[in-house]
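> After the sequence you'll find the predicted model.
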Amino acid sequence: MANTLSTRAHYSPPWADVSIIGIAGSSGSGKSTLSHAIVSKLNLPWVVILSMDSFYKTLDAEGSKRAFNNEYDFDSPDAIDFDVLVDRLRDLKAGRRAEIPIYSFAKHAREIETTSIYSPHVLILEGIFALYDPRVLQLLDMKIFCEADADTCLSRRILRDVEERGRDIEGCIKQWFAFVKPNFERYVEPQRKVADIIVPRGVENRVAITMVIQYIERKLFEKSKAHRAELKKLGQSSEDDPLSEKVLLLEQTSQLRGMNTIIQDIDTSAEDFIFYFDRLATLLVEHAMNNIYFRETTVVTPVGSKYHGLAAIGETSAVVILRAGSVFECGLKRVLPDCRTGRLLIQSNLRTGEPELHYLKLPENINTHDSVLILDPQMSSGGAALMAVQVLRDHGVEEERIVFVTYFAGKLALNRLTKVFPSVKVVVCSVVADFEERWIEKRYFGC
Ligand SMILES: Nc1ncnc2c1ncn2[C@@H]1O[C@H](COP(=O)(O)OP(=O)(O)O)[C@@H](O)[C@H]1O
Ligand SMILES: Nc1ccn([C@@H]2O[C@H](COP(=O)(O)O)[C@@H](O)[C@H]2O)c(=O)n1
C-alpha cells in the first residue's frame, strides 16, 4: 500500500527541543563573559548565546532623550519586551528559525537589521532578567545566577560602557545610583532564589564552569543517542515496505543503462565519468521538473501559428547538500540556468555516524517558491535526506513542493524519507543496496 498521511512516521531533528540555559545576575557581574567561556570550552557549532539586550523595547522621542541624559530606567523589567522574547524562545524550542533584533547601546535603539538563530542544540540566554519571567523559566533547562560584589560590577561596567557603549564616566555613575543599584536589589537579586547554581566570581569559577559543561555535554550526548535510535527505528519499521508512489524512478531505457554502465565501471576515465554523470544529472533534473506545477499557456510561433503549451507557475529553486550535491550543478544549470541555489553542509560524525548540520544558506523567501529541488547524488542511510527536508520544512517550505533528486538510493533510505515526509517526491536513477558507501563525489571531483 502506498504511504499516506495517516502512516506518517515521527522524526525529530537534533535541534528539536533545544536545551536553554538562563544566566542572570547584576550588570557587570560577568554573565556575558561566562557565557562566552562556556561556548569556547564546548567548542561545538551548535551552542548559541542569546542576549536579552536584544529585547529592550523601542523608545519614543521623549524616552530616547531621557536615555541620552542617563535618566531612563533600563533596569526595570518594564524596559524589556518579554512577549517577543518568549515568542522567539518558543520558536527555537520548537526547532523553528527565529529572527532576533540587534540592539545598539550607543543609540539606545534596535538596528534595522536582525540576526537569525536556527538549529542550535544549546542556547544560552543571558541578561539581568534571564530568570525573571515565569514563561521564560518554564522553558529553561538550567538556571544560573552569576554573582560579583557591587563595587566590582560598577567598576567593570564603567570601563566597559565607556570603551564599548559610547558612555561617559559621569553618566555611568548617575545611571548606576538612580536605577541599576536600586533595581538590582528590587528585581535582579531575588532571581537567586530560582537559580539551580549560583556562580560567584563568574568566569574565574572553574568548578562551576566544569559543572555546566558536564551538564551540557551529557544533554548533547543523550540527544545524539536519541536521534540515532530514532533513525534506526525508522529503518527497522520500513524495511519490508514497498516503495512509496512518490518515488519516481527514471525509465530504465537502453540509453540510460548504457550511461549507467559507463558511470559505474571502475575503469572509466575521469573525463568520461564527468561527461556521462552530467548528462545523467540533466535527465534527473528534467525528470524532477516534469513533476512540478505547470499552467497551460499559448504562444505564437515564428510562422504565426499557435502552440498550446505549458509554463512553470512560479519559481523553482534548488538546495545542494554539500559537498556531494555539487555534482548536480552542471545538470541543474543546463535545465534551469537562473535557478537560485542554496547550500546545506551535512556531515556524518565520524565517531557516531550521526548526520550533523554544519552550515546552511538558503535562497531568500524560499517558502514562497513553487518548487524546491534538493540535490544529493546518494541516499545511503537517509539521515542526511531527512535532515535536509526538515530544514526546508522549518523554513516554511511545504512538503508537496519539495522534490529530492538523487542518483543512487537504498530502499531503506527511500522508505525512511517517504514515511516521515509522505508528500515529498523523490526522483532517483537506481535503487541500490542499503547503506552503500558514498563514492560518486569522489569519482566526480577526483578526491
Ligand atoms: N572575572 C573577571 N575579571 C575581570 N574582568 C571581568 C571578569 N568578568 C567580566 N569582566 C569584564 O567586565 C566587563 C563586564 O562583563 P560582562 O561579562 O559584560 O558582564 P555582564 O554581561 O554581566 O554585564 C567586561 O568588560 C568584561 O571583560
Ligand atoms: N540602552 C540601554 C540599555 C540598557 N542599558 C544597561 O544595560 C544593562 C544590562 O546589560 P548588561 O550587559 O550590563 O547586563 C542594564 O543594567 C542597563 O542599565 C543601558 O545602559 N542602555
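Okay, I see it. Numbering: from 1, shown residues only. Ligands and ions are numbered 1, 2, ... in the order given.
> use CA for all of it now, contacts and neighbours both
Noted.
> Need the pLDDT of residue 4.
pLDDT recorded at residue 4 is 46.
> and residue 67, that one's in a helix?
Yes: judged by DSSP: H, G, I helix; E, B strand; the rest coil, residue 67 forms part of a helix.
> which stretches of the protein form helices?
Secondary structure of the chain (DSSP state H): helices located at 31-42, 61-68, 82-93, 134-139, 150-164, 169-175, 181-183, 206-238, 254-264, 270-289, 329-335, 383-394, 411-420, 440-445.
> In the second one, which residues are buried?
Residues of helix 61-68 classed as buried by neighbour count (16 or more other C-alpha atoms under 10 Å): 64, 67.
> elements contacting that helix?
The helices and strands touching helix 61-68, judged by 3 or more C-alpha pairs under 8 Å, 6 or more residues apart in numbering; DSSP states H and E, number zero.
> Contacts for it, please.
The contact list for helix 61-68, computed with C-alpha atoms under 8 Å, 6 or more residues apart in numbering, reads 72-73, 108.
> Tell me, what's the model's pLDDT at whichever residue of the stretch 201-350 of the chain sits closest to ligand 2?
Nearest residue of the stretch 201-350 of the chain to ligand 2: residue 202, at 13.0 Å (C-alpha to the nearest ligand atom). Residue 202 carries a pLDDT value of 87.
> Equivalent analysis for the one 10 residues further on, please.
The confidence metric pLDDT takes the value 93 at residue 212.
> State the distance from the residue nearest to it when sequence neighbours are not counted to residue 373.
Once flanking residues are discounted, residue 212 sits nearest to residue 38: 7.7 Å by C-alpha to C-alpha, 6 or more residues apart in numbering. From residue 38 across to residue 373, the span is 38 Å (C-alpha to C-alpha, to the nearest Å).
> ok, the two, which is more surrounded?
residue 373 (24 against 20; other C-alpha atoms under 10 Å).
> before we move on, back to that, near ligand 2, from the contacts of helix 61-68?
residue 108 (C-alpha under 6 Å from any ligand atom).
> Rebuild the contacts of helix 61-68 as JSON lines, extending it with neighbour count and pLDDT.
Formatted as JSON lines, the contacts of helix 61-68 follow (neighbours: other C-alpha atoms under 10 Å; pLDDT from 0 to 100):
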{"residue": "72", "neighbour count": "19", "pLDDT": "97"}
{"residue": "73", "neighbour count": "17", "pLDDT": "97"}
{"residue": "108", "neighbour count": "19", "pLDDT": "95"}
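> Mind checking which of the contacts of helix 61-68 land in strands?
Counted as lying in strands by DSSP state E, out of those, is not a single one.
> Of the contacts of helix 61-68, which is the nearest to ligand 2?
Checking those against ligand 2 with C-alpha to the nearest ligand atom, the nearest one is residue 108 at 3.8 Å.
> about what we covered before: switch the contacts of helix 61-68 over to JSON lines; also include distance to residue 120.
Output for the contacts of helix 61-68, formatted as JSON lines (distance: C-alpha to C-alpha, whole Å):
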{"residue": "72", "distance to residue 120": "34"}
{"residue": "73", "distance to residue 120": "33"}
{"residue": "108", "distance to residue 120": "28"}
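> Tell me the one of the contacts of helix 61-68 nearest residue 191?
Using C-alpha to C-alpha, residue 73 comes nearest to residue 191 of these, at 19.0 Å.
> List the contacts of that closest one.
Contacts for residue 73 (C-alpha under 8 Å, 6+ apart) come out as 67, 79, 179.
> Nearest to residue 392 among these?
Top of the list for closeness to residue 392, among the contacts of residue 73 and by C-alpha to C-alpha, is residue 79 at 35.5 Å.
> Next, count neighbours for that closest one.
Neighbours around residue 79, by other C-alpha under 10 Å: 15.
> can you check residue 345 too?
18.
> Can you tell me how far residue 348 is from residue 255?
For residue 348, the distance to residue 255 - C-alpha to C-alpha - is 34 Å.
> higher neighbour count, these two?
Comparing residue 348 with residue 255 by other C-alpha under 10 Å, the one with more neighbours is residue 348, at 13 against 10.
> shouldn't the more buried one be in contact with residue 354?
Yes: counting by C-alpha atoms under 8 Å, residue 348 touches residue 354, with 5.2 Å between them.
> Would you confirm that the residue nearest to residue 212 contacts residue 211?
No: in this structure residue 38 lies outside contact range of residue 211 using C-alpha under 8 Å: 10.4 Å.
> What parts of the stretch 101-250 of the chain come near ligand 2?
Close to ligand 2, as judged by C-alpha under 6 Å from any ligand atom, the stretch 101-250 of the chain has residues 105, 108, 127-128, 180.
> Could you turn the buried ones of those residues into a ChimeraX selection?
Per 16+ other C-alpha under 10 Å, the buried members of these correspond to this ChimeraX selection:
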select :108,127,128,180
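> okay if I get the residues of the stretch 101-250 of the chain next to ligand 2 as a markdown table plus distance to residue 339?
What follows is these, written out as a markdown table (distance: C-alpha to C-alpha, whole Å):
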| residue | distance to residue 339 |
| --- | --- |
| 105 | 41 |
| 108 | 41 |
| 127 | 43 |
| 128 | 46 |
| 180 | 54 |
